[in-house]
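[1] need coordinates for the below:
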Amino acid sequence: MNVGESNNKDFLWNAIGHLGMLSLLVLSCILWLERSTTFDSSLYGYMLLTREVFYTPHDRWLNYLWQWIPLLAIKFGVSLSTFLKIFSVAPILFLYFIYWIIAHVFKNYKAGIYLVMITLFLVRYKFYSAISEIYLGLGFVALMLCLLTSKWFMDEQTSDFKKIGVGILILVFNYLGHPLMFFPMGVVIFLDYLINKDWKSKTHFALMGAAVLLFIIKYLNGKGSSHEGPVIDSFFQSIGSGSFIEATSNLYSLNVFWQYAGTQWIFPLIIVIGLLIYFVKEKRFAFVIVLSSACIFWVIFVAHLTSYLKEPTYFMIEGYYHLIGPLLFAPFLYFKWDKGKYIQMGVLVLLIGYGTYGVYSSRPFYTERISDLRSKLQIGNDLGSRNLIAPAEKQVWDTYWYLWSVPFESLIHSTLINKGKSSVMIIDSYPDESHFEKPFDVMIGVPTDTLKNMECTYFNFDTRPFIPLK
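    Residues are numbered from 1 along each chain as shown. You can find the predicted model right below:
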């Protein structure tokens, strides 16, 4: 391939990469209301608006890397709706910045497309969480594979010290996010080690060792404060039991995986299977076996991690299963077939469209959820109260999935639609009777927030007692 052909191909790879990232950016703009007001996002937004400082629960310091944007908007005094739009877009801008480093610093355009693959092709409902540390952590996995497959890393003139230093820096950033991100991170480093067949590679050994060490530290530090720590312990304890396989096969969340594999993910998975067949023909058996085994392990692990879910709570189940994406799409970076480049790029453009449509097609759940919440708030307005407790009926659970965040969501939505007059709604079939008798003083879910002492320009609370919403 001559220089002109190489430059042309690089230009096309880069163009496709930007197309994918722009698709994510446009989605974050269009879906700003759903992304910034649902589930965890509502709590994060509430904390930023009322405290005007960074909010990093469970030692997820990754949030420092993007929260400065909405915090800066608050300092400039933007409206609530403008804040929510910025809150939705800022995390995607963070991922776009990582893409810029990959494509324009390392000039590893295929790694840039890999970032698009793992953040767009398999995601659906989880995209509607603006603050997901798992989703944002995918950027560091892409950055690691970018480093390992870059010309700079493979250049014999580059010292091992520099390679290891940059790799450990990426791992340190990875440490700032979700602890489970170390699984795809460790696997992709090992896959690169296998594909290069440099069995004495000091850099790979150093990076794999550093990844394991940082995971252990992260796991031990967050064991008592995160949901995943006790589940990891329980999972490894149950592996040795005689009923492990039977118990796994009966898990509802495993059925969700097969549903996704046969519908939502079918197009990308066909491409992945084709790539794996190519590597089998190239006799890269260890690469294929390790990748396949890691994916199988992860599916089983997530099935147990979400075993408490008996209903199609896709937001949670999909979020963890989505982490097989960095493994499934890793072969793309090592695919050497130079023929039919326009076919390859055409398929990638179709996949970008497929992923974009998949995200947008999941919107009705969130719009119906918001519509139901707002209709309940309107009933409260008609009754002359801004503090409401609604019963948690079966239909409500099906519509909402999670109820703990409803107070924060109702606070934001009521402020948007009632010209600054804020309402708080709880959904609970057996509420504390004292809520109906005493003045409303404490924000539900955050017992340290005494409304008498709270000064927030965005919310105007009603301190009257709650009323029941029949």
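[2] can we go C-alpha only for contacts and neighbour counts from here?
    Noted.
[3] can you give me the helices in the stretch 101-250 of the chain?
    109-116, 133-148, 151-154, 160-175, 182-196, 202-222, 228-239, 244-249 (DSSP state H, counting those that start in this stretch).
[4] could you give the mean pLDDT of the fourth one?
    So that's helix 160-175. Average pLDDT, helix 160-175: 97.
[5] who does that helix touch, helix- and strand-wise?
    For helix 160-175, the elements it packs on are helix 133-148, helix 202-222, judged by 3 or more CA pairs under 8 Å, 6 or more residues apart in numbering; DSSP states H and E.
[6] quick one, which of the ones you listed gets closest to residue 408.
    Judged by CA to CA, the one of the helices and strands packed on helix 160-175 that comes nearest to residue 408 is helix 133-148, at 19.6 Å.
[7] roughly how far does residue 324 sit from residue 248?
    According to CA to CA, to the nearest Å, residue 324 stands 18 Å off from residue 248.
[8] between these two, which is the more surrounded one?
    residue 324 (20 against 16; other CA atoms under 10 Å).
[9] domain parsing for the protein?
    Following automatic domain parsing, one finds the domains of the chain at 3-361, 364-468.
[10] buried stuff in the biggest helix by length in the chain?
    Criterion DSSP state H: the longest helix present in the chain is helix 3-30. Across helix 3-30, burial judged by 16 or more other CA atoms under 10 Å covers 9-10, 12-14, 16-25, 27-29.
[11] elements contacting the next helix or strand after that helix?
    Next helix or strand after helix 3-30 toward the C-terminus (DSSP states H and E): helix 32-37. The contact analysis (3+ CA pairs under 8 Å, 6+ apart) places helix 32-37 against helix 40-51, helix 80-104, helix 363-383, helix 406-417.
[12] what separates the second one from the chain centre, distance-wise?
    What that stands for is helix 80-104. 14 Å (CA atoms, centre = their mean, to the nearest Å).
[13] kindly report the same for stretch 424-439.
    Worked out by CA atoms, centre = their mean, stretch 424-439 lies 33 Å from the chain centre.
[14] and for stretch 61-79?
    On CA atoms, centre = their mean, the centre of stretch 61-79 falls 19 Å from the chain's centre.
[15] that stretch - what's its average pLDDT?
    97.
[16] of the helices of the stretch 101-250 of the chain, which is nearest residue 305?
    Between the helices of the stretch 101-250 of the chain, helix 228-239 lies closest to residue 305; by CA to CA that is 6.0 Å.
[17] thought residue 436 was touching residue 464?
    No. Counting by CA atoms under 8 Å, residue 436 stays clear of residue 464, with 9.0 Å between them.
[18] so what sits against both of these two?
    Residues touching both residue 436 and residue 464 by CA atoms under 8 Å, 6 or more residues apart in numbering: none at all.
[19] what does stretch 313-324 rub up against?
    Contacts of stretch 313-324 (CA under 8 Å, 6+ apart): 122-126, 134-135, 181, 184, 253, 256-257, 295, 298-299, 302, 306, 401.
[20] try it again at 6 Å.
    Residues outside stretch 313-324 that contact it (CA atoms under 6 Å, 6 or more residues apart in numbering): 125-126, 295.
[21] can you check stretch 31-49 too?
    84-85, 88, 128-131, 405, 408-409.
[22] measure it end to end?
    20 Å.
[23] what mean pLDDT would you report for that stretch?
    Stretch 31-49 comes out at a mean pLDDT of 96.
[24] how far away from the center of its chain is stretch 161-175?
    With CA atoms, centre = their mean, you get 22 Å for stretch 161-175.
[25] start at 417 instead
    Yep, numbering from 417; the last one is stretch 577-591 now.
[26] tell me which helix or strand of the protein sits lowest on mean pLDDT?
    helix 644-655 (a mean of 68; mean pLDDT, DSSP states H and E).
[27] follow-up on the earlier one: out of the contacts of stretch 729-740, who's nearest residue 771?
    residue 541 (11.7 Å).
[28] and the pLDDT for the residue lying closest to residue 576 once chain neighbours are set aside?
    Leaving aside its sequence neighbours, residue 576 sits nearest to residue 619 (CA to CA, 6 or more residues apart in numbering; 6.1 Å). pLDDT, residue 619: 97.
[29] now do the one 3 residues further on
    With respect to pLDDT, residue 622 scores 98.
[30] again, but for residue 722
    88.
[31] quick check: phi and psi on it?
    Backbone torsions for residue 722, taken as degrees, to the nearest 10, come to phi -110, psi 30.
[32] from residue 864, how far out is it?
    For residue 722 relative to residue 864 (CA to CA), the value is 30 Å.
[33] can you tell me the closest non-neighbouring residue to the most centrally placed residue in the chain?
    Nearest residue to the geometric centre of the chain (CA atoms, centre = their mean): residue 551, 2.2 Å. Counting by CA to CA, 6+ apart, residue 551 lies nearest to residue 535, which is 7.1 Å off, once chain neighbours are set aside.
[34] sounds good, over and out.
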